[in-house]
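Peer 1: Everything below, folded, please.
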Amino acid sequence: MEKINNYITKYSYQIEYDPEDKIYIARSAEIPSVLAHGKTQEKALKEIKVALKNILEQMKEDGEKIPEPFNLLKFSGEFRVRMPPEKHRKIAMEANLQGISMNQYVVNKL
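Peer 2: Residues are numbered from 1 along each chain as shown. So this is what the prediction gives:
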């Protein structure tokens with residue numbers, strides 16, 4: 001239980017306003033399929049934490065792996081991207097025209 005509560009306080013949250021329904025919708029980057037809402041940002045955040053606690057407790061009971069908070073994970077700063085050869089060629093040409101590496105070109109686009 002302590003691990004679950006600790007994770008909930010460290011998860012990354014996003015809260016957006018839905019003008020059609022006039023509510024705030026909250027979700028966690030670690031488990032984006034779980035949504036909660038409230039009339040205020042604070043209420044939406046409170047509700048997503050309650051929903052996640054219930055989901056995580058169920059996951060634990062079922063023996064499922066509980067996602068670690070992104071803030072506690074170590075990232076190398078590298079990842080591989082697969083793309084069609086013609087797109088690879090286009091990126092290589094654009095980077096060369098700008099006098100930068102393909103890596104820097106892609107980072108600039110992100």
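Peer 1: for the longest helix anywhere in the chain, what is the average pLDDT?
Peer 2: In the chain, assigned by DSSP state H, the helix with the most residues is helix 41-61. Mean per-residue pLDDT for helix 41-61: 97.
Peer 1: right, and the helix or strand after that helix?
Peer 2: helix 85-98 (DSSP states H and E).
Peer 1: List of residues touching that following helix?
Peer 2: Contacting residues not belonging to helix 85-98 are listed as 83, 101-102, 104-106 [C-beta atoms under 8 Å, 6 or more residues apart in numbering]. Every C-beta, even on glycine, is put in place using the N, C-alpha and C of the backbone.
Peer 1: Filter those down to the buried ones, ChimeraX style.
Peer 2: Buried residues within the contacts of helix 85-98, by 16 or more other C-beta atoms under 10 Å, are selected in ChimeraX with:
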select :105
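Peer 1: Now flag whichever of the contacts of helix 85-98 is closest to E16.
Peer 2: Of all the contacts of helix 85-98, the one sitting nearest E16 is V106; the distance, using C-beta to C-beta, is 27.5 Å.
Peer 1: Let me know the outermost residue of the protein.
Peer 2: Distance from the C-alpha centroid of the chain peaks at L97, with 33.6 Å (C-alpha atoms, centre = their mean).
Peer 1: So which residues lie in contact with stretch 45-57, not counting its own?
Peer 2: The list of residues contacting stretch 45-57 from outside it, by C-beta under 8 Å, 6+ apart, reads 1, 4-5, 7-8, 11, 13, 15, 26-28, 31, 34-38, 66.
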